[in-house]
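# One predicted model, sequence on top.
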Amino acid sequence: MQATLGRALLPGLQNRPWCPQGVAASLVCLPHGAPSRQRPLLESEANHKFVSSVFQSPGSRMSVPLGKLVFFSSVATSGTCTLLYFLIQKMFSRASYYQLALEHLHSHAEALEALGTPLSVHYLQLTDKYNFEDIADAQLRIPVSGPKSEGHLYVSSSREGPFRRWNLQEVFLELRDGHRIPVFKPSGEGPASLPVVLAASVRRVSKRKRFPKVSIRLPREKGLPPVALP
């Protein structure tokens, strides 16, 4: 009777997309002459396959190894991005123009009075378009803060070519309220650049060598004075 019922349901089950062919075949291929001890076991296995195929959730079809692969891939990707972020921050913080700009800021009385001490230097915003570095030019906007106020330290630097020394062009502090404080200018307009210009002038004077005057006496002719070379 069960085999007859299975054969009667076979055409309808085969047309259903949610019923696999193996399950439908297992419902109708139950052996008639099987012992009574094996028939309940075969029927239970067939019913289990049928119920699993009907009530299986579409979201649970992903295999466990594939889920682990996706998980570990996401963890590795996030770890790589975090490591790359800190490496870029470290590269900027080791640049000579970055360190020189902070030195000028720490020695500028007006900037320290506006921000307050101690100063805190924060990480750069790498998504900011102002922060960049190429072969000849570099610009940074360094977030700084103090007990009194906060702002950004703008740094502009240039060099003659690759692997050359960076030269600061301008450093100024922009506070949160929009007030700007010049920190460094190589032309001598800023108050912080005066000691730098004086130190450079002293070095140039100290390197200049003085040679004594040498007089060369030539055969004297009538009306010609002796020639003295400087």
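Noted; the coordinates are in hand. Worth saying up front: this structure is predicted, and the values here are computed from it rather than measured. Residues are numbered from 1 along each chain as shown.

# Start and end of stretch 156-170, how far apart?
Counting by Cα to Cα, to the nearest Å, you get 5 Å between the two ends of stretch 156-170.

# Any chance you could list what contacts it?
95-97, 100-101, 104, 135-139, 154-155, 171, 184-186 (Cβ atoms under 8 Å, 6 or more residues apart in numbering). (Each C-beta comes from the backbone N, C-alpha and C, glycine too.)

# Kindly report the same for stretch 111-118.
Residues outside stretch 111-118 that contact it (Cβ under 8 Å, 6+ apart): 105-106, 119, 144-151, 173, 175, 179, 181, 183.

# could you redo the last one with a cut-off of 6 Å?
Stretch 111-118 is contacted by residues 105, 146, 147, 148, 149, 173, 181 when judged by Cβ atoms under 6 Å, 6 or more residues apart in numbering.

# So for the host helix or strand of residue 79, mean pLDDT?
Secondary structure from DSSP states H and E places residue 79 in helix 64-93. Mean per-residue pLDDT for helix 64-93: 81.

# now for the contacts of stretch 111-118, which pair is the farthest apart?
Across the contacts of stretch 111-118, the longest distance by Cβ to Cβ is 16.8 Å; it joins 147 and 181.

# Any of the contacts of stretch 156-170 buried? List them.
Neighbour counting by 16 or more other Cβ atoms under 10 Å classes 95, 97, 100, 101, 104, 138, 139, 154, 155, 171, 184, 185 among the contacts of stretch 156-170 as buried.

# List phi and psi for the third one.
With angles defined as degrees, to the nearest 10, residue 100 sits at phi -60, psi -40.

# ok, it to residue 84 distance?
Distance, residue 100 to residue 84, using Cβ to Cβ, to the nearest Å: 26 Å.

# If we ignore the residues flanking it in sequence, what's nearest residue 102?
Leaving aside its sequence neighbours, residue 102 sits nearest to residue 121 (Cβ to Cβ, 6 or more residues apart in numbering; 6.6 Å).

# Show me what the one you found is bridged to.
Residues in a beta bridge with residue 121, per DSSP bridges, are residue 144.

# Tell me the confidence at it?
Residue 121 is given a pLDDT of 91.

# That concludes my questions; thank you for your assistance.
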